[in-house]
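Asker: What follows is a predicted protein model with its sequence.
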Amino acid sequence: MYKTRFAPSPTGFLHVGGLRTALYAYLFARKHEGKLILRIEDTDRTRFVEGATESLIRTVLWAGLEYDEGPDPNNIDLEIGENGPYIQSKRNDTYEQEVQKLLDEGHAYRCFCSKDRLDEMRKEQQKNKQAPMYDKKCRHRPKEETKQLMEQGVAHVIRLAVPENETLRFRDSIRGDMQFKSNTIDDQVLVKSDGYPTYHLANVVDDHYMGITHVIRGEEWLPSTPKHIYLYRAFGWEEPQFAHIPLLLNKDKSKLSKRQNDVAVEDYIAKGYLKEALINFIALLGWNPGDGSTQEIFSMKELIETFSLKKVHKAGAVFDLERLDFFNAHYIREFSAKEFADKIYPWLEKEEWFKGTAEDLHNEYAYKFLPAVQTRIKTLAEAPAMIRYFLTDKMDYDLSLLEHEKMKITPEIAKQALQACAEDLQNLDNYDEEDAIKEHLIKTIERLGMKNGQVLWPLRVALSGEQYSPGAFEIVMLLGKEKTLDRIAQTLQKL
Ligand code: GLU
(Lines give C-alpha, C1' and ligand atoms only; values in the text may rest on other atoms or scores of the structure.)
Protein backbone atom coordinates (compact mmCIF):
# COMPACT_ATOMS: atom_id res chain seq x y z
CA MET A 1 0.00 0.00 0.00
CA TYR A 2 1.19 3.48 -0.84
CA LYS A 3 1.79 5.82 2.02
CA THR A 4 2.74 9.46 1.86
CA ARG A 5 2.90 12.33 4.28
CA PHE A 6 2.65 16.06 4.71
CA ALA A 7 5.33 17.23 7.11
CA PRO A 8 5.02 20.94 7.88
CA SER A 9 7.13 22.81 10.42
CA PRO A 10 5.10 24.79 12.95
CA THR A 11 6.75 28.13 12.21
CA GLY A 12 3.59 30.10 11.44
CA PHE A 13 0.49 29.91 9.30
CA LEU A 14 0.12 27.36 6.54
CA HIS A 15 1.66 28.78 3.36
CA VAL A 16 -0.25 28.41 0.10
CA GLY A 17 2.72 26.39 -1.19
CA GLY A 18 2.32 24.11 1.82
CA LEU A 19 -1.37 23.72 1.06
CA ARG A 20 -0.48 22.60 -2.45
CA THR A 21 2.04 20.06 -1.14
CA ALA A 22 -0.60 18.77 1.27
CA LEU A 23 -3.18 18.66 -1.52
CA TYR A 24 -0.97 16.71 -3.92
CA ALA A 25 -0.06 14.26 -1.14
CA TYR A 26 -3.75 13.89 -0.28
CA LEU A 27 -4.78 13.36 -3.91
CA PHE A 28 -2.02 10.84 -4.41
CA ALA A 29 -3.00 8.89 -1.29
CA ARG A 30 -6.71 8.87 -2.13
CA LYS A 31 -6.19 8.04 -5.77
CA HIS A 32 -4.13 4.97 -4.86
CA GLU A 33 -6.29 4.07 -1.88
CA GLY A 34 -3.22 4.60 0.24
CA LYS A 35 -2.66 6.55 3.42
CA LEU A 36 -1.77 10.12 4.27
CA ILE A 37 0.18 10.98 7.41
CA LEU A 38 0.41 14.42 8.94
CA ARG A 39 3.69 14.84 10.76
CA ILE A 40 4.75 17.95 12.63
CA GLU A 41 8.44 18.69 12.12
CA ASP A 42 9.38 20.86 15.06
CA THR A 43 13.05 20.00 15.51
CA ASP A 44 14.11 23.59 14.95
CA ARG A 45 13.02 25.01 18.28
CA THR A 46 14.29 28.48 17.42
CA ARG A 47 11.60 28.79 14.75
CA PHE A 48 8.81 27.17 16.73
CA VAL A 49 5.69 29.31 17.03
CA GLU A 50 3.19 28.68 19.81
CA GLY A 51 -0.18 27.62 18.43
CA ALA A 52 1.15 27.02 14.92
CA THR A 53 0.60 23.26 15.06
CA GLU A 54 -3.07 23.71 15.92
CA SER A 55 -3.48 26.32 13.23
CA LEU A 56 -1.79 24.13 10.58
CA ILE A 57 -4.09 21.24 11.43
CA ARG A 58 -7.16 23.47 11.41
CA THR A 59 -6.29 24.85 7.99
CA VAL A 60 -5.48 21.48 6.45
CA LEU A 61 -8.84 20.15 7.65
CA TRP A 62 -10.65 23.34 6.57
CA ALA A 63 -9.44 22.55 3.07
CA GLY A 64 -10.92 19.07 3.33
CA LEU A 65 -7.58 17.27 3.43
CA GLU A 66 -8.30 14.64 6.01
CA TYR A 67 -5.33 12.57 7.09
CA ASP A 68 -5.29 8.96 8.18
CA GLU A 69 -2.56 9.25 10.79
CA GLY A 70 -1.28 12.20 12.74
CA PRO A 71 -1.96 14.30 15.82
CA ASP A 72 -5.58 14.17 16.94
CA PRO A 73 -7.16 17.48 15.84
CA ASN A 74 -9.21 17.60 19.02
CA ASN A 75 -6.21 17.23 21.25
CA ILE A 76 -2.77 17.26 19.69
CA ASP A 77 -1.31 15.41 22.65
CA LEU A 78 -3.24 12.38 21.44
CA GLU A 79 -2.77 10.69 18.15
CA ILE A 80 -4.61 8.91 15.37
CA GLY A 81 -2.70 5.90 14.01
CA GLU A 82 -0.19 3.37 15.21
CA ASN A 83 3.08 4.89 14.07
CA GLY A 84 3.18 7.89 16.35
CA PRO A 85 4.03 10.08 18.03
CA TYR A 86 3.57 12.27 14.96
CA ILE A 87 5.21 15.32 16.51
CA GLN A 88 8.97 15.11 16.21
CA SER A 89 9.80 16.72 19.53
CA LYS A 90 8.24 13.65 21.15
CA ARG A 91 10.50 11.27 19.27
CA ASN A 92 13.94 12.22 20.57
CA ASP A 93 14.66 8.76 22.00
CA THR A 94 14.24 7.20 18.59
CA TYR A 95 16.62 9.67 16.96
CA GLU A 96 19.22 9.13 19.68
CA GLN A 97 19.07 5.37 19.26
CA GLU A 98 19.28 5.57 15.51
CA VAL A 99 22.19 7.97 15.39
CA GLN A 100 24.10 5.75 17.78
CA LYS A 101 23.85 2.97 15.19
CA LEU A 102 25.37 5.26 12.60
CA LEU A 103 28.21 6.22 14.95
CA ASP A 104 28.89 2.57 15.78
CA GLU A 105 29.10 1.66 12.14
CA GLY A 106 31.24 4.60 11.13
CA HIS A 107 28.56 6.29 9.02
CA ALA A 108 28.54 9.29 11.32
CA TYR A 109 31.14 11.04 13.43
CA ARG A 110 31.41 13.59 16.19
CA CYS A 111 32.64 17.01 15.15
CA PHE A 112 34.17 19.34 17.73
CA CYS A 113 34.97 22.25 15.44
CA SER A 114 34.13 25.55 17.05
CA LYS A 115 31.78 28.11 15.55
CA ASP A 116 34.75 30.42 15.05
CA ARG A 117 36.62 27.82 13.03
CA LEU A 118 33.55 27.09 10.89
CA ASP A 119 32.93 30.81 10.30
CA GLU A 120 36.54 31.33 9.32
CA MET A 121 36.36 28.40 6.91
CA ARG A 122 33.18 29.70 5.33
CA LYS A 123 34.69 33.14 4.82
CA GLU A 124 37.75 31.66 3.19
CA GLN A 125 35.59 29.55 0.88
CA GLN A 126 33.48 32.54 -0.06
CA LYS A 127 36.62 34.49 -0.87
CA ASN A 128 37.76 31.70 -3.17
CA LYS A 129 34.31 31.44 -4.72
CA GLN A 130 33.86 27.91 -3.41
CA ALA A 131 30.59 26.46 -2.14
CA PRO A 132 30.56 26.48 1.67
CA MET A 133 31.41 23.01 2.95
CA TYR A 134 32.81 21.43 6.06
CA ASP A 135 36.44 20.37 5.52
CA LYS A 136 35.96 17.02 7.33
CA LYS A 137 38.69 17.70 9.88
CA CYS A 138 36.96 15.71 12.62
CA ARG A 139 36.07 12.85 10.27
CA HIS A 140 39.71 11.86 10.32
CA ARG A 141 40.33 12.49 14.00
CA PRO A 142 41.84 9.47 15.79
CA LYS A 143 39.32 7.58 17.97
CA GLU A 144 41.39 8.11 21.09
CA GLU A 145 41.29 11.89 20.66
CA THR A 146 37.56 11.87 20.12
CA LYS A 147 37.15 9.91 23.30
CA GLN A 148 39.23 12.40 25.26
CA LEU A 149 37.32 15.38 23.94
CA MET A 150 34.08 13.63 24.87
CA GLU A 151 35.34 13.03 28.38
CA GLN A 152 36.26 16.67 28.68
CA GLY A 153 32.70 17.49 27.75
CA VAL A 154 33.63 19.58 24.70
CA ALA A 155 30.52 20.69 22.82
CA HIS A 156 30.08 18.92 19.50
CA VAL A 157 27.70 17.94 16.74
CA ILE A 158 27.27 14.65 14.91
CA ARG A 159 27.80 14.64 11.17
CA LEU A 160 26.99 12.19 8.40
CA ALA A 161 30.08 10.72 6.70
CA VAL A 162 29.04 11.21 3.10
CA PRO A 163 30.78 8.68 0.80
CA GLU A 164 33.51 10.25 -1.30
CA ASN A 165 34.28 10.24 -5.02
CA GLU A 166 31.09 8.78 -6.35
CA THR A 167 28.01 9.86 -8.26
CA LEU A 168 24.66 9.49 -6.58
CA ARG A 169 21.78 8.72 -8.92
CA PHE A 170 18.07 8.56 -8.28
CA ARG A 171 14.86 8.97 -10.17
CA ASP A 172 12.43 11.69 -9.18
CA SER A 173 8.81 11.05 -10.21
CA ILE A 174 8.51 14.59 -11.56
CA ARG A 175 12.02 15.64 -12.49
CA GLY A 176 13.24 12.33 -13.90
CA ASP A 177 16.83 11.10 -13.55
CA MET A 178 18.89 13.10 -11.13
CA GLN A 179 22.55 12.88 -10.34
CA PHE A 180 24.80 14.52 -7.78
CA LYS A 181 28.55 14.23 -7.28
CA SER A 182 29.03 13.03 -3.73
CA ASN A 183 32.01 15.34 -3.23
CA THR A 184 29.67 18.33 -3.54
CA ILE A 185 27.50 17.07 -0.68
CA ASP A 186 28.34 18.42 2.73
CA ASP A 187 28.88 16.14 5.73
CA GLN A 188 25.49 17.12 7.03
CA VAL A 189 24.93 17.79 10.72
CA LEU A 190 22.54 15.15 12.05
CA VAL A 191 22.54 16.07 15.72
CA LYS A 192 23.09 19.62 16.92
CA SER A 193 25.26 20.54 19.90
CA ASP A 194 22.16 20.77 22.09
CA GLY A 195 21.50 17.10 21.39
CA TYR A 196 18.49 17.72 19.17
CA PRO A 197 18.31 16.13 15.74
CA THR A 198 18.34 18.22 12.58
CA TYR A 199 15.50 18.10 10.08
CA HIS A 200 17.49 15.67 7.90
CA LEU A 201 17.95 12.97 10.53
CA ALA A 202 14.46 13.22 11.98
CA ASN A 203 12.82 13.34 8.57
CA VAL A 204 14.53 10.18 7.29
CA VAL A 205 14.10 8.21 10.51
CA ASP A 206 10.43 9.10 10.64
CA ASP A 207 9.72 8.42 6.99
CA HIS A 208 11.26 4.99 7.49
CA TYR A 209 9.46 4.07 10.70
CA MET A 210 6.19 5.48 9.48
CA GLY A 211 6.36 3.33 6.37
CA ILE A 212 6.40 6.18 3.85
CA THR A 213 6.61 4.89 0.28
CA HIS A 214 6.35 8.27 -1.46
CA VAL A 215 7.86 11.58 -0.40
CA ILE A 216 6.05 14.43 -2.12
CA ARG A 217 7.49 17.83 -1.28
CA GLY A 218 8.50 21.21 -2.64
CA GLU A 219 11.41 21.62 -5.00
CA GLU A 220 13.30 23.61 -2.38
CA TRP A 221 14.04 20.28 -0.68
CA LEU A 222 15.68 18.74 -3.74
CA PRO A 223 19.24 19.64 -2.60
CA SER A 224 18.54 17.77 0.66
CA THR A 225 17.52 14.58 -1.09
CA PRO A 226 21.06 13.24 -1.77
CA LYS A 227 21.81 13.61 1.94
CA HIS A 228 18.64 11.74 2.74
CA ILE A 229 19.45 8.96 0.31
CA TYR A 230 22.89 8.57 1.84
CA LEU A 231 21.21 8.33 5.22
CA TYR A 232 18.88 5.58 3.99
CA ARG A 233 21.88 3.74 2.65
CA ALA A 234 23.86 4.18 5.86
CA PHE A 235 20.95 2.73 7.82
CA GLY A 236 20.51 -0.04 5.28
CA TRP A 237 16.89 1.01 4.63
CA GLU A 238 15.03 1.05 1.36
CA GLU A 239 14.55 4.62 0.20
CA PRO A 240 11.11 5.94 -0.74
CA GLN A 241 10.16 7.30 -4.15
CA PHE A 242 10.75 11.07 -4.28
CA ALA A 243 8.61 13.63 -6.09
CA HIS A 244 9.63 17.29 -5.96
CA ILE A 245 6.90 19.69 -6.99
CA PRO A 246 7.74 22.99 -8.70
CA LEU A 247 8.04 26.34 -6.97
CA LEU A 248 5.20 28.83 -6.82
CA LEU A 249 6.10 32.11 -8.48
CA ASN A 250 4.99 35.72 -8.35
CA LYS A 251 3.78 37.18 -11.63
CA ASP A 252 7.28 38.51 -12.32
CA LYS A 253 8.54 34.90 -12.04
CA SER A 254 10.36 35.50 -8.76
CA LYS A 255 9.73 33.06 -5.92
CA LEU A 256 6.29 33.63 -4.36
CA SER A 257 6.77 36.19 -1.64
CA LYS A 258 4.85 38.06 0.98
CA ARG A 259 5.89 41.32 -0.59
CA GLN A 260 3.84 40.65 -3.71
CA ASN A 261 1.08 38.35 -2.51
CA ASP A 262 -0.63 37.05 0.56
CA VAL A 263 1.02 33.73 1.25
CA ALA A 264 -0.88 32.40 4.27
CA VAL A 265 -3.94 30.29 3.56
CA GLU A 266 -5.58 32.03 6.51
CA ASP A 267 -5.35 35.34 4.63
CA TYR A 268 -7.40 33.88 1.81
CA ILE A 269 -9.96 32.46 4.20
CA ALA A 270 -10.23 35.85 5.88
CA LYS A 271 -10.79 37.49 2.50
CA GLY A 272 -13.74 35.28 1.72
CA TYR A 273 -12.27 32.66 -0.57
CA LEU A 274 -14.03 29.32 -0.59
CA LYS A 275 -12.17 26.11 -0.02
CA GLU A 276 -13.53 24.66 -3.27
CA ALA A 277 -12.06 27.60 -5.20
CA LEU A 278 -8.74 27.59 -3.41
CA ILE A 279 -8.37 23.83 -3.88
CA ASN A 280 -9.31 24.03 -7.56
CA PHE A 281 -6.92 26.92 -8.12
CA ILE A 282 -4.04 25.41 -6.15
CA ALA A 283 -4.45 22.00 -7.81
CA LEU A 284 -3.82 23.57 -11.20
CA LEU A 285 -0.65 25.35 -10.07
CA GLY A 286 1.80 22.91 -11.57
CA TRP A 287 -0.56 20.16 -12.65
CA ASN A 288 -3.20 19.55 -15.26
CA PRO A 289 -4.78 16.36 -16.54
CA GLY A 290 -2.95 16.67 -19.87
CA ASP A 291 -4.14 14.79 -22.96
CA GLY A 292 -5.44 18.02 -24.46
CA SER A 293 -8.07 18.39 -21.76
CA THR A 294 -9.28 21.96 -21.26
CA GLN A 295 -11.29 21.21 -18.14
CA GLU A 296 -10.76 23.92 -15.55
CA ILE A 297 -13.37 23.25 -12.91
CA PHE A 298 -12.57 20.25 -10.74
CA SER A 299 -14.34 19.01 -7.65
CA MET A 300 -12.20 17.21 -5.09
CA LYS A 301 -13.66 13.93 -6.33
CA GLU A 302 -12.65 14.71 -9.90
CA LEU A 303 -9.18 15.75 -8.75
CA ILE A 304 -8.73 12.44 -6.98
CA GLU A 305 -9.80 10.58 -10.09
CA THR A 306 -7.57 12.51 -12.49
CA PHE A 307 -4.51 13.38 -10.42
CA SER A 308 -1.20 11.85 -11.35
CA LEU A 309 2.33 12.78 -10.27
CA LYS A 310 3.42 12.09 -13.84
CA LYS A 311 1.41 15.07 -15.01
CA VAL A 312 2.97 17.50 -12.54
CA HIS A 313 5.10 20.02 -14.38
CA LYS A 314 8.77 20.71 -13.81
CA ALA A 315 8.56 24.45 -14.41
CA GLY A 316 7.49 26.86 -11.67
CA ALA A 317 3.82 27.81 -11.53
CA VAL A 318 2.71 31.44 -11.53
CA PHE A 319 0.36 32.35 -8.71
CA ASP A 320 -2.23 34.37 -10.60
CA LEU A 321 -4.84 35.90 -8.30
CA GLU A 322 -7.18 36.75 -11.16
CA ARG A 323 -7.55 33.06 -11.77
CA LEU A 324 -8.30 32.48 -8.12
CA ASP A 325 -11.02 35.15 -8.36
CA PHE A 326 -12.41 33.42 -11.41
CA PHE A 327 -12.70 30.13 -9.53
CA ASN A 328 -14.11 31.80 -6.45
CA ALA A 329 -16.77 33.65 -8.44
CA HIS A 330 -17.62 30.37 -10.13
CA TYR A 331 -18.11 28.46 -6.89
CA ILE A 332 -20.06 31.32 -5.31
CA ARG A 333 -22.51 31.15 -8.21
CA GLU A 334 -23.00 27.43 -7.68
CA PHE A 335 -24.77 27.93 -4.35
CA SER A 336 -28.55 27.79 -4.04
CA ALA A 337 -30.11 30.95 -2.57
CA LYS A 338 -30.35 29.25 0.79
CA GLU A 339 -26.75 28.04 0.76
CA PHE A 340 -25.56 31.46 -0.30
CA ALA A 341 -27.49 33.08 2.54
CA ASP A 342 -25.89 30.67 5.01
CA LYS A 343 -22.41 31.32 3.63
CA ILE A 344 -22.60 35.07 3.87
CA TYR A 345 -24.40 35.33 7.18
CA PRO A 346 -21.16 35.10 9.22
CA TRP A 347 -19.81 37.98 7.14
CA LEU A 348 -22.88 40.12 7.81
CA GLU A 349 -22.69 39.42 11.51
CA LYS A 350 -19.28 41.09 11.60
CA GLU A 351 -20.77 44.36 10.31
CA GLU A 352 -21.61 47.00 12.83
CA TRP A 353 -24.59 48.26 10.86
CA PHE A 354 -26.21 44.85 10.79
CA LYS A 355 -28.62 44.47 13.64
CA GLY A 356 -30.75 41.70 12.20
CA THR A 357 -30.85 37.92 12.39
CA ALA A 358 -30.30 35.04 9.99
CA GLU A 359 -34.00 35.26 9.17
CA ASP A 360 -33.34 38.49 7.28
CA LEU A 361 -31.57 36.43 4.65
CA HIS A 362 -34.16 33.68 4.53
CA ASN A 363 -37.37 35.16 3.22
CA GLU A 364 -38.97 35.98 -0.07
CA TYR A 365 -37.51 39.48 -0.25
CA ALA A 366 -33.97 38.25 0.50
CA TYR A 367 -34.16 35.38 -1.96
CA LYS A 368 -35.07 38.00 -4.53
CA PHE A 369 -32.13 40.34 -3.94
CA LEU A 370 -29.49 37.77 -2.98
CA PRO A 371 -28.92 36.51 -6.54
CA ALA A 372 -28.05 40.09 -7.58
CA VAL A 373 -25.28 40.00 -5.00
CA GLN A 374 -24.27 36.42 -5.66
CA THR A 375 -23.68 36.99 -9.35
CA ARG A 376 -21.60 40.12 -8.79
CA ILE A 377 -19.11 39.27 -6.08
CA LYS A 378 -15.75 37.58 -6.35
CA THR A 379 -15.28 36.95 -2.64
CA LEU A 380 -17.71 36.52 0.24
CA ALA A 381 -16.12 39.51 1.94
CA GLU A 382 -17.59 41.75 -0.76
CA ALA A 383 -21.14 40.68 0.06
CA PRO A 384 -22.02 42.86 3.09
CA ALA A 385 -21.37 46.14 1.26
CA MET A 386 -23.77 45.05 -1.49
CA ILE A 387 -26.37 43.74 0.88
CA ARG A 388 -26.35 46.74 3.12
CA TYR A 389 -28.68 48.82 1.00
CA PHE A 390 -31.17 46.01 0.71
CA LEU A 391 -31.41 45.66 4.46
CA THR A 392 -31.19 49.21 5.75
CA ASP A 393 -34.25 51.25 5.03
CA LYS A 394 -33.01 54.49 6.48
CA MET A 395 -31.03 56.20 3.74
CA ASP A 396 -28.13 58.03 5.22
CA TYR A 397 -25.67 59.00 2.54
CA ASP A 398 -23.76 62.03 1.39
CA LEU A 399 -26.19 63.94 -0.85
CA SER A 400 -23.38 65.16 -3.08
CA LEU A 401 -23.37 61.61 -4.49
CA LEU A 402 -26.50 62.59 -6.39
CA GLU A 403 -24.58 65.14 -8.41
CA HIS A 404 -22.55 64.21 -11.45
CA GLU A 405 -20.43 66.67 -13.30
CA LYS A 406 -20.01 64.80 -16.56
CA MET A 407 -23.70 63.98 -16.82
CA LYS A 408 -24.50 67.58 -15.82
CA ILE A 409 -26.55 66.55 -12.82
CA THR A 410 -27.01 69.45 -10.41
CA PRO A 411 -29.00 69.16 -7.14
CA GLU A 412 -31.88 70.86 -8.98
CA ILE A 413 -31.83 68.30 -11.82
CA ALA A 414 -31.64 65.46 -9.31
CA LYS A 415 -34.63 66.84 -7.45
CA GLN A 416 -36.73 67.21 -10.60
CA ALA A 417 -35.81 63.72 -11.72
CA LEU A 418 -36.64 62.16 -8.38
CA GLN A 419 -39.93 63.99 -8.13
CA ALA A 420 -40.96 62.70 -11.53
CA CYS A 421 -39.85 59.17 -10.64
CA ALA A 422 -41.84 59.29 -7.41
CA GLU A 423 -44.98 60.31 -9.27
CA ASP A 424 -44.63 57.80 -12.08
CA LEU A 425 -43.55 54.86 -9.96
CA GLN A 426 -46.58 55.44 -7.76
CA ASN A 427 -48.66 54.51 -10.81
CA LEU A 428 -46.72 51.36 -11.61
CA ASP A 429 -48.08 48.05 -10.37
CA ASN A 430 -45.80 45.48 -11.93
CA TYR A 431 -42.62 45.56 -9.94
CA ASP A 432 -41.72 42.00 -10.78
CA GLU A 433 -40.27 42.49 -14.23
CA GLU A 434 -37.29 44.64 -14.93
CA ASP A 435 -38.47 45.28 -18.50
CA ALA A 436 -41.80 46.65 -17.33
CA ILE A 437 -40.01 49.01 -14.96
CA LYS A 438 -37.65 50.07 -17.69
CA GLU A 439 -40.48 50.81 -20.13
CA HIS A 440 -42.26 52.84 -17.49
CA LEU A 441 -39.23 54.89 -16.52
CA ILE A 442 -38.18 55.53 -20.11
CA LYS A 443 -41.47 57.38 -20.48
CA THR A 444 -40.62 59.44 -17.40
CA ILE A 445 -37.26 60.34 -18.93
CA GLU A 446 -38.92 61.33 -22.20
CA ARG A 447 -41.50 63.41 -20.39
CA LEU A 448 -38.72 65.28 -18.58
CA GLY A 449 -36.68 65.70 -21.76
CA MET A 450 -33.55 64.69 -19.85
CA LYS A 451 -30.73 62.31 -20.67
CA ASN A 452 -31.12 58.74 -19.35
CA GLY A 453 -28.30 59.16 -16.86
CA GLN A 454 -29.74 62.38 -15.46
CA VAL A 455 -32.71 60.44 -14.17
CA LEU A 456 -31.30 57.00 -13.59
CA TRP A 457 -28.21 58.10 -11.68
CA PRO A 458 -30.02 60.04 -8.95
CA LEU A 459 -32.68 57.33 -8.79
CA ARG A 460 -30.08 54.63 -8.29
CA VAL A 461 -28.26 56.68 -5.67
CA ALA A 462 -31.49 57.47 -3.83
CA LEU A 463 -32.31 53.77 -3.68
CA SER A 464 -28.87 52.43 -2.75
CA GLY A 465 -27.04 55.34 -1.15
CA GLU A 466 -23.99 54.02 -2.98
CA GLN A 467 -21.76 55.11 -5.81
CA TYR A 468 -21.87 51.63 -7.27
CA SER A 469 -24.78 49.24 -7.25
CA PRO A 470 -26.84 47.23 -9.71
CA GLY A 471 -28.62 49.42 -12.27
CA ALA A 472 -31.68 51.51 -11.44
CA PHE A 473 -34.29 49.25 -13.07
CA GLU A 474 -32.95 46.16 -11.37
CA ILE A 475 -32.76 47.79 -8.00
CA VAL A 476 -36.34 49.10 -8.27
CA MET A 477 -37.45 45.57 -9.04
CA LEU A 478 -35.50 44.05 -6.16
CA LEU A 479 -36.68 46.59 -3.60
CA GLY A 480 -40.32 46.51 -4.67
CA LYS A 481 -42.82 49.34 -4.63
CA GLU A 482 -43.00 50.24 -0.99
CA LYS A 483 -39.28 50.48 -0.32
CA THR A 484 -38.64 52.23 -3.62
CA LEU A 485 -41.15 54.99 -2.97
CA ASP A 486 -40.11 55.37 0.64
CA ARG A 487 -36.45 55.79 -0.27
CA ILE A 488 -37.10 58.36 -2.97
CA ALA A 489 -39.24 60.29 -0.51
CA GLN A 490 -36.46 60.24 2.08
CA THR A 491 -34.05 61.89 -0.34
CA LEU A 492 -36.62 64.40 -1.60
CA GLN A 493 -37.24 65.52 1.93
CA LYS A 494 -33.63 66.52 2.23
CA LEU A 495 -33.37 68.32 -1.08
N1 GLU B 1 9.45 20.12 7.45
C2 GLU B 1 9.68 20.33 6.07
C3 GLU B 1 8.86 21.56 5.66
O4 GLU B 1 8.56 22.33 6.49
C5 GLU B 1 9.24 19.12 5.29
C6 GLU B 1 10.06 18.79 4.09
C7 GLU B 1 9.75 17.41 3.63
O8 GLU B 1 8.57 17.16 3.28
O9 GLU B 1 10.62 16.55 3.68
O10 GLU B 1 8.49 21.77 4.54
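Answerer: Yes, it's here. Numbering: from 1, shown residues only.

Asker: Where does residue 295 sit: helix, strand or coil?
Answerer: coil (DSSP: H, G, I helix; E, B strand; the rest coil).

Asker: That one contacts residue 289, doesn't it?
Answerer: Yes. Between residue 295 and residue 289 there is a contact at 6.6 Å, judged by Cβ atoms under 8 Å. To be clear about C-beta, it is placed using only N, CA and C from the backbone, and glycine gets the same treatment.

Asker: Could you check which of these two has the larger neighbour count?
Answerer: residue 289 (17 against 10; other Cβ atoms under 10 Å).

Asker: what's near enough to touch the more buried one?
Answerer: Neighbouring residues of residue 289 by Cβ atoms under 8 Å, 6 or more residues apart in numbering: 295, 306, 311.

Asker: Of these, just say which sits nearest to residue 407.
Answerer: residue 295 (44.9 Å; Cβ to Cβ).

Asker: And that closest one, how far from residue 246?
Answerer: 21 Å (Cβ to Cβ, to the nearest Å).

Asker: thinking again about what came up before, which single one of the contacts of residue 289 is nearest to residue 426?
Answerer: Nearest to residue 426 among the contacts of residue 289, with distances taken as Cβ to Cβ, is residue 295, at 52.3 Å.

Asker: OK, contacts around the closest one?
Answerer: residue 289 are the contacts of residue 295 under Cβ under 8 Å, 6+ apart.

Asker: From residue 283, how far off is it?
Answerer: Distance from residue 295 to residue 283, by Cβ to Cβ: 11 Å.

Asker: Around the ligand, pick out the residues from the stretch 201-350 of the chain.
Answerer: Taking Cβ under 6 Å from any ligand atom as the criterion, the stretch 201-350 of the chain approaches the ligand at residues 203, 217, 221.

Asker: Surely residue 384 and residue 347 touch.
Answerer: Yes. Shown here, residue 384 and residue 347 form a contact pair, counting by Cβ under 8 Å, at 5.5 Å.

Asker: Which one's more surrounded, these two?
Answerer: When residue 384 and residue 347 are compared on other Cβ under 10 Å, the one with more neighbours turns out to be residue 384, at 20 against 17.

Asker: The more buried one: what's it in contact with?
Answerer: Neighbours of residue 384 in contact, by Cβ under 8 Å, 6+ apart: 344, 347, 348, 350, 351, 354.

Asker: wait, is the second one part of a helix?
Answerer: Yes. Assignment of residue 347 by three-state DSSP places it within a helix.

Asker: Which residues are in contact with it?
Answerer: Counted by Cβ under 8 Å, 6+ apart, residue 347 has contacts 272, 380, 381, 383, 384.

Asker: Out of these, which is nearest to the ligand?
Answerer: residue 272 (27.5 Å; Cβ to the nearest ligand atom).

Asker: still on that earlier bit, what about the contacts of residue 347, which one has the most neighbours?
Answerer: Busiest of those [other Cβ under 10 Å] is residue 383, holding 23 neighbours.

Asker: three-state assignment of that residue?
Answerer: With three-state DSSP as the criterion, residue 383 reads helix.

Asker: distance of whatever residue of the stretch 351-495 of the chain ends up closest to the ligand from residue 299?
Answerer: Nearest residue of the stretch 351-495 of the chain to the ligand (Cβ to the nearest ligand atom) works out as residue 379 at 28.2 Å. Residue 379 is 20 Å from residue 299, where distance means Cβ to Cβ.

Asker: which one of these two has more residues nearby?
Answerer: For residue 379 and residue 299, the more surrounded residue by other Cβ under 10 Å is residue 379, and the numbers stand at 19 against 12.

Asker: hang on, that one packs against residue 269?
Answerer: No. Judged on Cβ under 8 Å, residue 379 makes no contact with residue 269 at a distance of 10.5 Å.

Asker: List the contacts of the residue nearest to residue 377 when sequence neighbours are not counted.
Answerer: Once flanking residues are discounted, residue 377 sits nearest to residue 383: 5.6 Å by Cβ to Cβ, 6 or more residues apart in numbering. Going by Cβ under 8 Å, 6+ apart, residue 383 touches 272, 344, 347, 348, 373, 377.

Asker: Find the closest residue to the ligand in the stretch 251-400 of the chain.
Answerer: Counting by Cβ to the nearest ligand atom, the stretch 251-400 of the chain gets nearest the ligand through residue 263, at 13.7 Å.

Asker: residues touching that residue, list them.
Answerer: So, once contact is read as Cβ under 8 Å, 6+ apart, residue 263 ends up touching 15, 16, 17, 256, 257.

Asker: Now do whichever residue of the stretch 51-200 of the chain sits closest to the ligand, the pLDDT please.
Answerer: Distance from the ligand to each residue of the stretch 51-200 of the chain (Cβ to the nearest ligand atom) is smallest for residue 199, at 6.0 Å. Per-residue confidence (pLDDT) for residue 199: 97.

Asker: Count the neighbours of it for me.
Answerer: 19.

Asker: and the closest residue to it other than its chain neighbours, what is it in contact with?
Answerer: Among residues not flanking residue 199 along the chain, residue 43 sits closest, at 5.7 Å (Cβ to Cβ, 6+ apart). Residue 43 makes contact with 88, 89, 196, 197, 198, 199, 202 under the criterion Cβ under 8 Å, 6+ apart.
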